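Chemist: This is the structure alone, sequence omitted:
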C-alpha cells in the first residue's frame, strides 16, 4: 500500500473527450479511453499490481521532483532534479476537433534534459479493460510498439529525428510490457506518443512535429482562456479551476463529468468508493452558473443544451422524467459492479465501476436543472418552444411527486426521507417556472404552480425548521443539520439577514465547521447506510464562504476562503474532501469543488467591492 502516491500528488491532462492523471513521480496511473467513462488502460492508482501504468523517472537513486502547468494551459511539466542534471517530462493531449466523438486519442510524453545529463527509465504496462483483457505486443522496427487486445489497441511511436542516434535501450517482458532506458544530455529531446483506437502503424515522429503539436495545444488553451471576462480577485485561481472544468467536459455532448476518476475513497480503507465518471444533472446545472459568471457563454450554452436534451428525452427511471446522472453521451446504462480482485487505493475496497445511485429519486435535480435554464435565459441562452413544453411536463410531474420521501442530494443508501433540500429545490423549480412564464409570456398553469410553490414553502418553514435547534434541519424526522441547506439564501428562498437563517448559520458553524472546513452532515447522528466516516466536503466549505458573504460576514468569509485555498494541491486542484490530516481524499479532481470555488469567489469579490 505504501507504493500509492497521495491523491493530491497528481496533475490532470486531457483533450475534451478523456483525461489522464500524472503523478509527481512521472507515472500515469489513471487513463481511460476512448471516453472518460470507458474501461481503464492504466489504472495502478486503484491497484498497483493489476491496474497498469506508464512510468517515467530518473534512474538516479535520489532526485527531487517538481510539477507545474505550462502557464495558462493544461500542459503538465514534471521536473526531476539530480546531482548530475535536470530533466523534464512534458505531458499533454492534442485537441483535434474535440466536438466529434472519436476512438483515436493521442497522449504525448516529451522528455528533455535541460542541464547536465540524465538517464530516464520508462516502464509501459497497459492493462486493458481494468486488467480483464489480455494483450499481445508487436515491435515495429526501432520506431514503436503496438499493444493489441481483443477489443483494444494502443500504439506507441518513438519521437526522434531520422538522423538521430538510437539512444534508447529497451526490452519487452513476458507480460507484454515495455521497459526502456534513455540517456539525454543538455539540449536533447526525445519522447513517445501513445495513440488509442485503430491508429496508423507506429512510426518515428520528428521532434519538430511534436513541438508543433505543443504549440497548437498552447494556442488552444490560451485562446479559450481569453474568453474569460473575470478581472476580480483570485483571477489565476479561478482560471485554473475553469481549465480544470474544461478538461472534465465531454465536448461532443457538452456534458461535464463529476470527476475523471472512480473509486477513490472518502475514507482511506473505507467502502465509500464511488465511480464519478458520469454527468450528474446537479453538477451540470451548477456548471452553468459558474461558467457564465466567468464569461464562458459557449460552454454554458453547451451544458444548457445537454440539460435540455435530457429534459426533452424524458427517459428517466423510477426517479421521474430525469435520471440523476447519465453517461457522457447522454445514455443511461450505469450498471454498478465491483472489481473483485482489485485492492483499491491504499487498500480501500470495494472498487466500484458504474453507479447504482443512477435510478435514485433525488427531487432536488429538478430545481437545479430548471434554475440553470432560467439563469442561462437571463444571459441570452434561451430555450425554444419544444424546450418550454418539456419543462412544463417536468413541472407537471413534479406537481404530483414533490411531496414524497427521497434519497436526497448526498445519495444516501439508508432509506428515503423527506429531505428539506429536496423540498427547497422543488420550490425553486416552480418559482423559476413561474418567472419564466411571466417574463417570456409563455403559456403555463400558473395558478397550479403557485399553489405548489407556496405549499412547499409552508412545509419547509413548518417541518424543515426545528424550534429546539433554532435551525433548518436535514429532514422532518430529525434534528440533524445538513450543509446542503447553505444554498437557501443563494436561491432566494430566505433573506441572508433573516433571524431564522442567521440562527441556522450559527448552528452549522458550531456543529459542522472545523477550522473553516465543513462537513456535509454528521453520519453518526443520521445513518446513511454505509460504514465508516468521511472528511469535510470541499463543496460545502465554499458554499459556507458564499453564505457568510451574503450574510454580511465578509471578513470571516474571506478568511475562510483563503484558508481553504491552502488545501489545494501544488497545481491548484481539489478533490472531493479533506481528511482530518489535511490530506485530499475522494475522487480527483472534483468538478463540484471547483464550481463552488468559482461561485464563492464571485460572491465574495462582489461583496468586497461594496466596501
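Modeler: The structure has been received and is ready for your questions. Everything quoted here is computed from the prediction, not taken from an experiment.

Chemist: in stretch 578-598, what counts as buried?
Modeler: Applying a neighbour-count criterion of 16 or more other C-beta atoms under 10 Å, one finds 578-579, 584-598 buried in stretch 578-598. C-betas here are computed from N, CA, C, even on glycine.

Chemist: again, but for stretch 552-566
Modeler: Counting neighbours by 16+ other C-beta under 10 Å, stretch 552-566 gives 553, 554, 556, 557, 558, 560, 561, 564 as buried.

Chemist: Surely the last one and residue 541 touch.
Modeler: Same thing as residue 564. Yes - using C-beta atoms under 8 Å, residue 564 is in contact with residue 541, at 5.2 Å.

Chemist: so what sits against both of these two?
Modeler: Residues touching both residue 564 and residue 541 (C-beta atoms under 8 Å, 6 or more residues apart in numbering): 516, 517.

Chemist: just checking, which of the buried residues of stretch 578-598 belong to helices?
Modeler: Members of these lying in helices (criterion: DSSP state H): 591, 592, 593, 594, 595, 596, 597, 598.

Chemist: Contact partners for the fourth one?
Modeler: When contacts are counted by C-beta under 8 Å, 6+ apart, residue 594 is found next to 241, 244, 245, 290, 574.

Chemist: outside of the strand or helix carrying the third one, which residues touch it?
Modeler: For residue 245, the element it lies in under DSSP states H and E is helix 235-247. Contacts with helix 235-247, where a contact means C-beta under 8 Å, 6+ apart, come from 12-14, 16, 19, 69, 72-74, 221, 224-225, 228, 230, 256, 260, 287, 290-291, 294, 296, 299, 565, 571-573, 589, 591, 594-595, 597-598, 601.

Chemist: switch the cut-off to 6 Å
Modeler: Under the criterion C-beta atoms under 6 Å, 6 or more residues apart in numbering, residues 12, 14, 19, 74, 225, 230, 294, 572, 589, 591, 594, 597-598, 601 lie in contact with helix 235-247.

Chemist: next one: stretch 508-524
Modeler: Under the contact criterion C-beta under 6 Å, 6+ apart, stretch 508-524 has outside partners 410, 480-483, 536-537, 540-541, 544, 560, 563-564, 578.

Chemist: same question, stretch 144-155
Modeler: Under C-beta under 6 Å, 6+ apart, the answer for stretch 144-155 is 126, 128, 133, 135-139, 156-158, 178, 195-196, 198-199, 202.

Chemist: Next step: the residues you listed restricted to helices.
Modeler: By the criterion of DSSP H, membership of those in helices covers residue 128.

Chemist: I'd like to know which of the contacts of stretch 144-155 are buried.
Modeler: Judged by 16+ other C-beta under 10 Å, buried ones among those: 126, 128, 135, 137, 156, 157, 158, 178, 195, 196, 199, 202.

Chemist: nearest to residue 186, of the residues you listed?
Modeler: Nearest to residue 186, judged by C-beta to C-beta, of those is residue 158 at 20.9 Å.

Chemist: Surely the closest one and residue 140 touch.
Modeler: No - counting by C-beta atoms under 6 Å, residue 158 sits too far from residue 140 to count as a contact (9.2 Å).

Chemist: helix/strand/coil for residue 80?
Modeler: Secondary structure state of residue 80, per DSSP: H, G, I helix; E, B strand; the rest coil, is strand.

Chemist: what's near enough to touch it?
Modeler: By C-beta under 6 Å, 6+ apart, the residues touching residue 80 are 58, 63, 65, 87.

Chemist: Need the max-distance pair from the residues you listed.
Modeler: Spatial extent of the contacts of residue 80 (C-beta to C-beta) is set by the pair 65 and 87 at 10.4 Å.

Chemist: and those two? which has more neighbours close in?
Modeler: Shown here are residue 65 and residue 87; by other C-beta atoms under 10 Å, residue 87 has more neighbours (30 against 15).

Chemist: what bridges to that one?
Modeler: Note on residue 87: beta-bridge partners by DSSP bridges are residue 80, residue 113.

Chemist: Which residues are in contact with it?
Modeler: Taking C-beta under 6 Å, 6+ apart as the criterion, residue 87 is in contact with 80, 113, 118.

Chemist: is it true that the last one touches residue 85?
Modeler: Translated: residue 118. Yes - if you go by C-beta under 6 Å, residue 118 and residue 85 touch, sitting 4.4 Å apart.

Chemist: Between those two, tell me which one has more neighbours.
Modeler: Legend: neighbour count by other C-beta under 10 Å for residue 118 and residue 85, higher for residue 118 (27 against 20).

Chemist: what pLDDT does the residue nearest to that one when sequence neighbours are not counted get?
Modeler: Excluding the flanking residues, the one nearest residue 118 by C-beta to C-beta, 6 or more residues apart in numbering is residue 87, at 3.9 Å. You'll see residue 87 listed with a pLDDT of 98.

Chemist: Please tell me how far residue 87 sits from residue 152.
Modeler: Distance of residue 87 to residue 152, given as C-beta to C-beta, to the nearest Å: 31 Å.

Chemist: contacting residues for residue 179?
Modeler: 123, 171.

Chemist: tell me which of the ones in helices among the buried residues of stretch 578-598 is nearest to residue 282?
Modeler: Distances from residue 282 to those, taken by C-beta to C-beta, are shortest for residue 592, at 8.1 Å.

Chemist: is it true that that closest one touches residue 540?
Modeler: No - assessed by C-beta under 6 Å, residue 592 is found out of contact with residue 540, at 9.8 Å.

Chemist: count of neighbours near residue 373?
Modeler: So residue 373, with other C-beta under 10 Å, has 24 neighbours.

Chemist: count of neighbours near the closest residue to it other than its chain neighbours?
Modeler: Closest residue to residue 373 in three dimensions, ignoring its sequence neighbours and counting by C-beta to C-beta, 6+ apart: residue 383, at 5.8 Å. Residue 383 has 24 neighbours, counted by other C-beta under 10 Å.

Chemist: And the closest residue to residue 328 other than its chain neighbours, how close does it get to residue 281?
Modeler: Leaving aside its chain neighbours, residue 328 sits nearest to residue 250 (3.8 Å; criterion: C-beta to C-beta, 6+ apart). The gap separating residue 250 from residue 281 is 15 Å, by C-beta to C-beta.

Chemist: Which of these two has more residues huddled nearby?
Modeler: Between residue 250 and residue 281, counting by other C-beta under 10 Å, residue 250 is the more crowded of the two (28 against 25).
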